[in-house]
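[1] I would like to see how this sequence folds:
(2 chains)
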Amino acid sequence: GEDVEQSLFLSVREGDSSVINCTYTDSSSTYLYWYKQEPGAGLQLLTYIFSNMDMKQDQRLTVLLNKKDKHLSLRIADTQTGDSAIYFCAESSTSNTGKLIFGQGTTLQVKP
Amino acid sequence: KAGVTQTPRYLIKTRGQQVTLSCSPISGHRSVSWYQQTPGQGLQFLFEYFSETQRNKGNFPGRFSGRQFSNSRSEMNVSTLELGDSALYLCASSPRTGRTEAFFGQGTRLTVV
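    Numbers count the residues shown, from 1 in each chain, chains lettered A, B, ... in the order given. All right, here's what the predicted structure looks like:
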């Protein structure tokens, strides 16, 4: 079935790099997404990658995709206290509709 | 360009009542999806509408329903509310159906008492 797994918690020091990991099960071509959720807010789309790509970079964000291992990671360079939030990994459903399958979310804590 | 607008932001209802939530997608977007977010179950897909047609439905009881209007605005309705329906309901807007980017609104926080 469709499933997305993430570690639940990550703590880093301000200025360090953060790496949030995700594994997924869909073996077909798919889009994979990273969303950020701050307390009391909706989901902010950070970036997404198509499964025929290995890497995507956008300013401080780098997404790496290992399609063989079905492993996705989000690296945040120079992590700031404002990056403290919950980060969700998601994949497009095999149903080829707008359905997204989300992981449980990784809480990123950034210490000053 | 305005983002996804969900109304109301907060809602308190009593068990057994019904509720209607509204979502206005980004201008030009034709697909609207709804998700329920709870601490225990995480983010779960409710349904997707595209061009006024339901394209996909999640594993929720028939008390949860939705519709989409010709201007792409969407509403979801929950009848006979239960305490377990308390959640953050999120709406996502996409330019088309299928695999594409999805932008979320701020959500409607529903509390059932």
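[2] Up against chain A, what does chain B have?
    B:4, B:6, B:31, B:33, B:35, B:42-43, B:45, B:48, B:50, B:55-56, B:58, B:90, B:92, B:94, B:97-107 (C-beta under 8 Å from any C-beta of the partner chain). All C-beta atoms are positioned from the backbone trio N, CA, C, and that covers glycine.
[3] In strands, which of those residues fall?
    B:6, B:31, B:33, B:35, B:42-43, B:45, B:48, B:50, B:55-56, B:90, B:92, B:94, B:103-104 (DSSP state E).
[4] biggest separation within these, which pair?
    Farthest-apart pair in these is B:42 and B:50; separation 24.3 Å (C-beta to C-beta).
[5] which residues sit in contact with residue B:113?
    B:12, B:13, B:14, B:15, B:83 (C-beta atoms under 8 Å, 6 or more residues apart in numbering or on different chains).
[6] at 6 Å what do you get?
    Contacts for residue B:113 (C-beta atoms under 6 Å, 6 or more residues apart in numbering or on different chains) come out as residue B:14.
[7] Next: residue B:51.
    residue B:30.
[8] Just the pLDDT at it, thanks.
    We note a pLDDT of 93 for residue B:51 in this prediction.
[9] for residue A:52, same thing?
    Reported pLDDT for residue A:52: 84.
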